[in-house]
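Enquirer: my questions concern the predicted model and sequence given below.
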Amino acid sequence: MKRALLGAVLISAACCGPKSGGVNPNPQLTGETVVAELAKGREALTSFRGESKMDYWVSGQRLRGDVLVMGKLGKFVRFAALSPAGGSTIVEMACDGTNFVYLNYQENCALTGPCDASSVGMFFGIPLEPDDFLHLALGTTPVIANPTSTITWDGSAKLHRVELKASEGTQKIAINVAPMHWDVHASELLGSDGKVRWSVANTDFRKVTGSGERRVPEKTRFKSSVQNQDLLVEWGGEFEVNAQLPTQNFTIQVPSGLSTCGQKAPKPAAPPAKAPAPTK
């Protein structure tokens, strides 16, 4: 009877036990530790510049090609999409900490306005705050404030899955902490309404110039279910973290005479009518 009972227990455990795929290498890991380590990463990696293959938008069309990117904390980002024909810039955008300038050299038009998620989204098709884009590109995901947390071990993927909950919503993070890499493989933010605000998936982590012992992703896929868009960025070999980037590098002067992108150029003003000749 005891053997039969023991056999039933073993069969039950094999069938219905946790699908860990292995023993949790860090069972003492807490949400507070994860949040603190991610904060250290954001403090350690504060700027970058590099080459990429990227999706971007021009005149309502989605294109893919070489894009030069640089950014630093404080709402400073700049993108330059290069022509496949000869490497000249066809579209560029820059946020100078307050405002953005967008230039389309193919259509000789410009846009300006406040630098925010919508201005970055105009280029990518996915709205992201400029500093959030920087953190996500470097694999140092932003984190919701004052969360409670739960952690599970996914042995098949060899990742810890962290769920953070706060008044602003829920964030789900998949992270590799062994051997203490703190590589963020995925991060997803859902608003208080349960809808996805953004998500990111990272692969092919590597050390680059300026990153020290920390690794950054070579491939990043951004998604936004709100806009039903996704964006794959493949960072090239030339990639530098914590680069010294002067503020003036994020300023673009708008040439005079350009029309506003998305609008027809205004018609030239009609010459003033001649005054009637005086009668004799």
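Expert: Noted; the coordinates are in hand.
Enquirer: CA only for contacts and neighbour counts going forward, please
Expert: Fine.
Enquirer: which residue, other than its chain neighbours, is closest to Ser211?
Expert: Nearest non-adjacent residue to Ser211, counting by C-alpha to C-alpha, 6 or more residues apart in numbering: Val241, 5.6 Å away.
Enquirer: that neighbour pairs with what?
Expert: Counting by DSSP bridges, Val241 is bridged to Phe48.
Enquirer: contacting residues for it?
Expert: The neighbourhood of Val241, defined by C-alpha atoms under 8 Å, 6 or more residues apart in numbering, consists of Leu45, Thr46, Ser47, Phe48, Arg49, Val208, Thr209, Gly210, Ser211.
Enquirer: same question, Thr46
Expert: Thr46 is in contact with Lys72, Leu73, Val241, Asn242, counting by C-alpha under 8 Å, 6+ apart.
Enquirer: could you measure Ala157 against Asn176, distance?
Expert: 9 Å (C-alpha to C-alpha, to the nearest Å).
Enquirer: neighbour count winner among those two?
Expert: Higher neighbour count among Ala157 and Asn176: Asn176, with 17 against 13, using other C-alpha atoms under 10 Å.
Enquirer: hmm, Arg161 and that one touching each other?
Expert: No. In this structure, Asn176 is not within contact of Arg161 by C-alpha atoms under 8 Å, at 9.0 Å.
Enquirer: now Arg78: how far from Leu138?
Expert: 15 Å.
Enquirer: no, scratch that, I was asking about Thr251
Expert: Distance from Thr251 to Leu138, by C-alpha to C-alpha: 23 Å.
Enquirer: between those two, which has more neighbouring residues?
Expert: Ranked by neighbour count (other C-alpha under 10 Å), Thr251 and Leu138 place Leu138 first, with 25 against 18.
Enquirer: give me the nearest residue to that one, chain neighbours excluded.
Expert: Spatial nearest neighbour of Leu138, excluding adjacent residues (C-alpha to C-alpha, 6+ apart): Val216 at 5.4 Å.
Enquirer: ranges for the strands of this structure?
Expert: When assigned using DSSP state E, the strands of the chain occupy the ranges 47-58, 61-72, 76-82, 89-96, 99-104, 109-114, 148-154, 159-166, 169-176, 183-191, 196-206, 216-224, 229-241, 259-260.
Enquirer: ends of stretch 188-208, how far apart?
Expert: One end of stretch 188-208 sits 25 Å from the other (C-alpha to C-alpha).
Enquirer: also stretch 177-194?
Expert: 28 Å.
Enquirer: list the buried residues of it.
Expert: Residues of stretch 177-194 classed as buried: Val177, Trp182, Asp183, Val184, His185, Ala186, Ser187, Glu188, Leu189, Leu190 (neighbour count, 16 or more other C-alpha atoms under 10 Å).
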